[in-house]
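J.: give me the fold of what follows.
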Amino acid sequence: MRRAMRAGLGLWLAAGLGFGATGAARAADGAAAVGPNVEAVVQGGRWSEAAGEGVYRVIVASQGFEHVSTGVRAQWKGDGGEDGLARIVHEAELVAPGHYALGPPKLTRTAAGVRVELRGVATYDSRVKAVCRFELAPGGKVTVVKACGG
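T.: Purely as a prediction, here's the structure:
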């Protein structure tokens, strides 16, 4: 299960948030480790739908060097099937990299799924605080409760 989690995470990171070309090659063969740019991986709550059931997972990865920013993605990780391997059933970008430096997500269970709260600062002015809230529900549904800049 841990290997499948790393492989799914590696495929996302290979797209630009955590791996160089060498890491992308490892991700493709399913043997990727968590990339050096991953700041936090938090799982919590459970979902269930016709496609199966599993847990919610939120990944925060950083990029840049002078103005470090973070990108945040949510995943609906399905429980292992007959082969015992977990799979990503749905995936969504919550926060695009470039505007905010955010800390680890806080996941709270709700009646419909989980609420994700992120706190941090604006990339180009650390005096500007950012708080973002999203609700995740089965079927890959994302509701923006409070946008980072709003």
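J.: neighbours of residue 127, how many?
T.: 6 (other Cβ atoms under 10 Å). (Each C-beta comes from the backbone N, C-alpha and C, glycine too.)
J.: could you dump the helix or strand containing residue 91 to CSV, C-alpha only?
T.: Taking DSSP states H and E as the definition, residue 91 sits inside strand 87-95. C-alpha atoms of strand 87-95 as CSV (Å, rounded to 0.1, in the frame of the first residue of the first chain):
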residue,chain,number,x,y,z
ARG,A,87,-5.4,3.9,-6.6
ILE,A,88,-6.2,7.6,-7.1
VAL,A,89,-9.8,7.7,-8.2
HIS,A,90,-10.2,11.5,-8.4
GLU,A,91,-7.7,14.4,-8.2
ALA,A,92,-8.2,18.2,-8.1
GLU,A,93,-5.9,21.2,-7.8
LEU,A,94,-7.0,23.3,-4.8
VAL,A,95,-4.3,26.0,-5.0
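J.: got the contact list for it?
T.: The contact list for strand 87-95, computed with Cβ atoms under 8 Å, 6 or more residues apart in numbering, reads 4, 8, 12, 51-52, 54, 58, 70-78, 81, 102, 116, 118, 132, 134, 139-140, 142, 148.
J.: could you measure from the closest residue to residue 132 other than its chain neighbours over to residue 55?
T.: Excluding the flanking residues, the one nearest residue 132 by Cβ to Cβ, 6 or more residues apart in numbering is residue 148, at 4.0 Å. When distance is defined by Cβ to Cβ, to the nearest Å, residue 148 is 24 Å away from residue 55.
J.: name the residue in those two with the higher neighbour count.
T.: When neighbours are counted by other Cβ under 10 Å, residue 148 and residue 55 differ, and residue 148 comes out ahead with 21 against 17.
J.: report pLDDT for the more buried one.
T.: For residue 148, the model assigns a pLDDT of 91.
J.: again, but for residue 15
T.: At residue 15, the pLDDT recorded in the model is 41.
J.: and what of the one 10 residues further on?
T.: With respect to pLDDT, residue 25 has a value of 37.
J.: which ChimeraX command selects the buried ones in the contacts of strand 87-95?
T.: To isolate the buried members of these in ChimeraX, using 16 or more other Cβ atoms under 10 Å:
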select :4,8,12,54,58,70,71,72,73,74,75,76,77,78,102,116,118,132,134,140,142,148
